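Asks: Predicted model, plus sequence, below.
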Amino acid sequence: MNHQQYKLEYEVYADASALKQEDASLLDEARKVTDQAYAPYSAFKVGAVAKLANGALVIGTNQENASFPVGICAERVLLSAAATLHPGVAIESIAISYNNTKGKSNHPVSPCGVCRQSLLEYEIRVKNPIRLILSGLEGNVYVIPQAGSLLPLSFTSEDMK
């Protein structure tokens with residue numbers, strides 16, 4: 001038998017004031033855009049803002065509907081918008097924040113499994129890692145250098161060849 005280990009390294013900041021200005025600004029925009037989310041059922045509003053390699057900013061928010069749970073997460077709304085508006089352009093960083101209107105929004109949350117797969121495939125498609133900046137409306141901030149690292153032992157198109 002052979003034992004393997006997976007290790008995820010990321011940065012932890014006490015709050016947004018400790019970030020580089022560009023990252024702090026991106027996170028501030030993600031926090032603001034949570035107001036545009038449509039989350040009448042979960043009351044968990046998520047906002048995401050990406051900085052693309054061409055300098056453009058693209059936003060996404062979660063969109064729920066009465067046929068719960070077939071809504072779409074902010075990360076996938078953002079990826080769809082980026083791919084449509086800026087085809088083939090790499091995403092450098094995505095800041096993701098949330099507003100839990102029924103509770104606290106004071107710690108980072110990570111993308112769901114479906115979004116992790118989508119982020120990984122976007123990285124593969126444009127051949128560029130995507131930095132993630134994760135935080136609530138306040139509190140700690142996590143900076144993950146490559147979104148794909150959140151999905152160890154991932155299934156990709158290479159597995160179908």
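Replies: Happy to help now that I have it.
Asks: Next, the residue lying closest to Y38 once chain neighbours are set aside: phi, psi?
Replies: Once flanking residues are discounted, Y38 sits nearest to Q63: 4.9 Å by C-beta to C-beta, 6 or more residues apart in numbering. C-beta here means a position set from N, CA and C on the backbone, and glycine is covered the same way. Here the main-chain torsion angles of Q63 (degrees, to the nearest 10) amount to phi -130, psi 110.
Asks: In which helix or strand does S67 reside?
Replies: Counting by DSSP states H and E, there is no helix or strand that carries S67.
Asks: how much space between it and G60?
Replies: In this structure, S67 and G60 are separated by 20 Å, where distance is defined by C-beta to C-beta, to the nearest Å.
Asks: okay, those two: which has more neighbours?
Replies: When S67 is set against G60 and neighbours are counted by other C-beta atoms under 10 Å, the residue ahead is G60, at 27 against 7.
Asks: for N99, what are its contacts?
Replies: Taking C-beta atoms under 8 Å, 6 or more residues apart in numbering as the definition of contact, the neighbours of N99 are 31, 34-35, 37, 44-45, 47, 105, 136-137.
Asks: does it count as helix, strand or coil?
Replies: strand (DSSP: H, G, I helix; E, B strand; the rest coil).
Asks: State the distance from K127 to G88.
Replies: In this view, K127 and G88 are 10 Å apart by C-beta to C-beta.
Asks: separation between K51 and Y13?
Replies: For K51, the distance to Y13 (C-beta to C-beta) stands at 18 Å.
Asks: What number of residues are in the vicinity of the residue lying closest to E22 once chain neighbours are set aside?
Replies: Here the nearest residue to E22 in space, its sequence neighbours aside, is K51; by C-beta to C-beta, 6+ apart that works out to 7.6 Å. Around K51 there are 21 other residues, counting by other C-beta under 10 Å.
Asks: all helices for this structure, in order.
Replies: Using DSSP state H, the helices found in the chain span residues 21-33, 74-85, 113-126.
Asks: Let's have the ones you listed in CSV, adding mean pLDDT, mean neighbour count and distance to P152.
Replies: Below are the helices of the chain laid out as CSV (pLDDT from 0 to 100; neighbours: other C-beta atoms under 10 Å; distance: least, C-beta to C-beta, whole Å):
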stretch, mean pLDDT, mean neighbour count, distance to P152
helix 21-33, 98, 19, 25
helix 74-85, 98, 20, 18
helix 113-126, 97, 18, 10
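Asks: Since that was my last question, I'll sign off now.
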